[in-house]
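Asks: Next come a sequence and a model predicted from it.
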Amino acid sequence: TGYLLQLGFGLSPFQSGMITFSSALGSMQMKVAVPYVLRRFGFRTTLIWNSLLCAIFLAACARFTPATPYAVMVGVLLVSGFFRSLQFTAVNTIAYAELQQSEISRATPFLAVVQQLSASAGVAPLRSKFFLPDEPGSWEAWWFDRGDPGFPAFHAGALSFGLNICTELWALETYADYAA
C-alpha cells in the first residue's frame, strides 16, 4: 500500500506512512480483543469467517484510487489490520498449543519456515515467469533474455521449490504510470 500511495497517488512518504500506520493501530487493538473473540466463537469459526473478512478488506484496498478520501483509506486499513492480526494470532496460537515451554524456542524458526512455504504454496501451481511491464521497450524487456517462460522448480512429493527474483526499484516511474 505504501508504494501505491507514494508512486501511484503522489503522496509523500510521511503522508503514506501516516495512512498505512492505521493498519498497525488495528493490529494493536486486536491484541486486546483476541481472547474474547476466540472464547466466544472458537478457533474454527473465527479462522473461517476471519479469512473471508481478510479477503474482503484486501479487495477493498485494491479499490483505492487517488480520489478515495483519506478517512476511508484509514478506516479500511484500520479494520484490515485488526482482522489480519487476528488471523495470524489465532494460527500461531494453534501452532504452539501443545508444545512445552522448553520446545517453543526450537519450534519458532520451524514455524516461520512453514508459514513462508505455505504462503508460497498457494500460488506455486499458478506461477509462471512474467516480465512486468510486458511491453516493447519496457525496462525488463531489454534487461533479460526472455528464454523459457516456464518457472523451473524442484519437486519433492507435494512440495515445490524454486527461485523467484523480483525487481521493482528500476522501473518505478513506469509502475507509477500504471497506478495512475
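Replies: All right, it came through fine.
Asks: Please report the distance of Ser105 from Leu99.
Replies: Distance of Ser105 to Leu99, given as Cβ to Cβ, to the nearest Å: 10 Å. No exception for glycine: its C-beta is placed from N, CA and C like everyone else's.
Asks: between these two, which one's more packed in?
Replies: Leu99 (14 against 9; other Cβ atoms under 10 Å).
Asks: which residue packs closest to that one, ignoring adjacent ones?
Replies: The shortest distance from Leu99 to any non-neighbouring residue, by Cβ to Cβ, 6 or more residues apart in numbering, is to Ala107 (5.6 Å).
Asks: Kindly confirm my reading that Ser51 is in a strand.
Replies: No: applying DSSP: H, G, I helix; E, B strand; the rest coil, one finds Ser51 to be helix, outside a strand.
Asks: right, and it touches Ala90 too?
Replies: No: with contact defined as Cβ atoms under 8 Å, Ser51 does not reach Ala90; the gap is 9.9 Å.
Asks: what about the two, which has more around it?
Replies: Counted by other Cβ under 10 Å, Ser51 and Ala90 do not tie: Ala90 has more neighbours, with 20 against 14.
Asks: What is the helix or strand hosting the more buried one packed up against?
Replies: Assigned by DSSP states H and E, Ala90 belongs to helix 70-96. When contacts are defined as 3 or more Cβ pairs under 8 Å, 6 or more residues apart in numbering; DSSP states H and E, helix 70-96 packs onto helix 13-62, helix 101-121.
Asks: do you know how far Ser85 is from Ile48?
Replies: Using Cβ to Cβ, one gets 17 Å for the distance from Ser85 to Ile48.
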